[in-house]
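K.L.:
sequence first, then the predicted structure, then my questions.
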Amino acid sequence: MPRSLTVFALSLALSLVSLPLAAMQPAKVASLGDFQLVSGEVIREARIAYRTFGEINAEKNNILVFPTWFDGKTSDLLKYELIGPGKLADSSRYFVVAIDALGNGVSSSPSNSADQPGGAFPAITITDMVNSQHRLLTKHLHIDHVKAVMGISMGGMQTCQWLGSYPDFMDAAIPIDGTPKMTSYDMLQWQTHERIIGVMQGAGHSNADIAEVVSPLNLMTLWTPDYLVENVEADEVQAFIDESLQSYSDFDAYDYLSQLRAMMNHNVFGASHEGRQSYIDNTRARVLIIGVAGDQMVNPTPAKELSAPLGASYYAVESNCGHMGTTCAAVDVTRRVHSFFDSFSHR
């Protein structure tokens with residue numbers, strides 16, 4: 001889920017009650033020092049931003065990790081009220097650690113790196129994001145096990161990677177609108193974004209110019225054609241695009257490309273069939289996978305096909321909203337997640 005505001009999402013946000021005080025406070029930042037990536041390259045003086053909500057119980061078995069989606073920030077998780085008492089990440093029951101993924105402009109990114117700015121920033125992977133989060137949790141917050149990891153879209157990809165990289169670290173995992181690997185359609189979509197941005201950067205276009213192209217590209221796959229035809233009149237399209245563009249005020253093309261390329265290289269199984277079987281065999285956590293059949297931004301097929309061999313529960317959201325289907329069905333998705341947690345006890 002890119003940050004794109006849409007007519008639906010904006011109206012939803014405007015209908016919400018005032019944000020909690022924690023939303024008004026800046027994220028906390030942990031220094032990781034020189035952080036080595038899986039490629040062998042190093043992010044110098046790496047920093048990871050995060051926010052916490054709720055209280056850790058006496059047994060320390062109610063911790064929920066919530067990474068961010070593509071081009072999103074922990075402030076977005078608050079903006080759309082995904083964290084709070086009774087919300088998807090219920091802070092009245094769980095100690096929620098929301099973490100800004102590498103490359104999002106808050107944690108270490110091309111846009112905020114003093115030593116490795118812009119195109120000099122090392123290429124990152126979804127695995128690097130997860131490794132940085134693991135270091136934050138274990139070395140800075142002194143957490144060695146969590147109740148669950150849960151994420152949406154690219155956050156769901158990180159959740160899938162958590163299962164592969166640290167299978168004993170969590171009791172449960174909930175990838176929502178995520179995938180264990182890219183499909184051909186995913187690659188076609190994201191390579192198109194990458195090439196357009198590269199051409200525009202080469203021609204000297206500004207971040208604002210690039211955002212004007214990226215925003216409608218995202219809208220085309222964020223929603224389904226049926227949803228748009230039913231809910232946006234032809235003469236309202238420009239207003240629809242303009243509304244979305246409002247959320248790109250701090251858009252940075254290098255940040256966008258950094259996370260985009262991490263998604264394009266995402267495959268929790270590696271290159272072999274043995275890697276897929278090893279991933280399945282090593283999974284320890286209970287898993288709930290949530291997807292939307294008509295999702296045209298993150299193809300749901302790999303996650304759905306993984307659910308049976310993984311022994312996971314799979315919930316297919318019935319919606320014509322596409323990638324935004326779990327937002328359109330937010331009440332039911334929240335109920336399903338809470339029911340899943342209630343189905344097993346603390347470790």
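P.N.:
Great, that's in hand. Numbering: from 1, shown residues only.

K.L.:
so where's the stretch 201-347 of the chain shaky on pLDDT?
P.N.:
345-347 (pLDDT under 70).

K.L.:
helices of that one, start to end?
P.N.:
Assigned by DSSP state H, counting those that start in this stretch, the helices in the stretch 201-347 of the chain fall at 207-222, 225-231, 237-245, 253-264, 273-282, 301-310, 325-328, 330-342.

K.L.:
got a list of contacts for stretch 101-115?
P.N.:
Residues outside stretch 101-115 that contact it (CB atoms under 8 Å, 6 or more residues apart in numbering) are 27, 35, 43-49, 67-68, 71-74, 99-100, 116-121, 124, 128-129, 132-133, 154-155, 158, 250, 252, 254-255, 257-259, 262. Backbone N, C-alpha and C define where each C-beta goes, glycine included.

K.L.:
one more pass at 7 Å, please.
P.N.:
27, 43-49, 67-68, 71-73, 100, 117-118, 121, 124, 128-129, 132, 158, 250, 252, 254-255, 258-259, 262 (CB atoms under 7 Å, 6 or more residues apart in numbering).

K.L.:
quick one: terminal-to-terminal distance for it?
P.N.:
19 Å (CA to CA, to the nearest Å).

K.L.:
cool, stretch 115-134 as well?
P.N.:
24 Å.

K.L.:
now stretch 141-160
P.N.:
22 Å.

K.L.:
what comes into contact with that stretch?
P.N.:
Counting by CB under 7 Å, 6+ apart, 1, 61-70, 89, 94, 97, 101, 126, 129-130, 137-138, 162, 169-180, 259, 263, 266, 268, 298 sit against stretch 141-160.

K.L.:
weed out the non-buried ones from these.
P.N.:
Buried members of the contacts of stretch 141-160, counted by 16 or more other CB atoms under 10 Å: 1, 61-70, 89, 94, 97, 101, 126, 129-130, 137, 162, 169-180, 259, 263, 266, 268, 298.

K.L.:
narrow the residues you listed to those in helices?
P.N.:
Using DSSP state H to define helices, the subset of the buried ones among the contacts of stretch 141-160 located there is 126, 129, 130, 162, 259, 263.

K.L.:
who's in contact with the third one?
P.N.:
The neighbourhood of residue 130, defined by CB under 7 Å, 6+ apart, consists of 158, 161, 162, 165.

K.L.:
re the thing from before, buried deepest among the helices of the stretch 201-347 of the chain, which one?
P.N.:
helix 325-328 (a mean of 24; mean count of other CB atoms under 10 Å).

K.L.:
which secondary structure elements does it sit against?
P.N.:
Applying 3 or more CB pairs under 7 Å, 6 or more residues apart in numbering; DSSP states H and E, one finds that helix 325-328 contacts strand 286-292.
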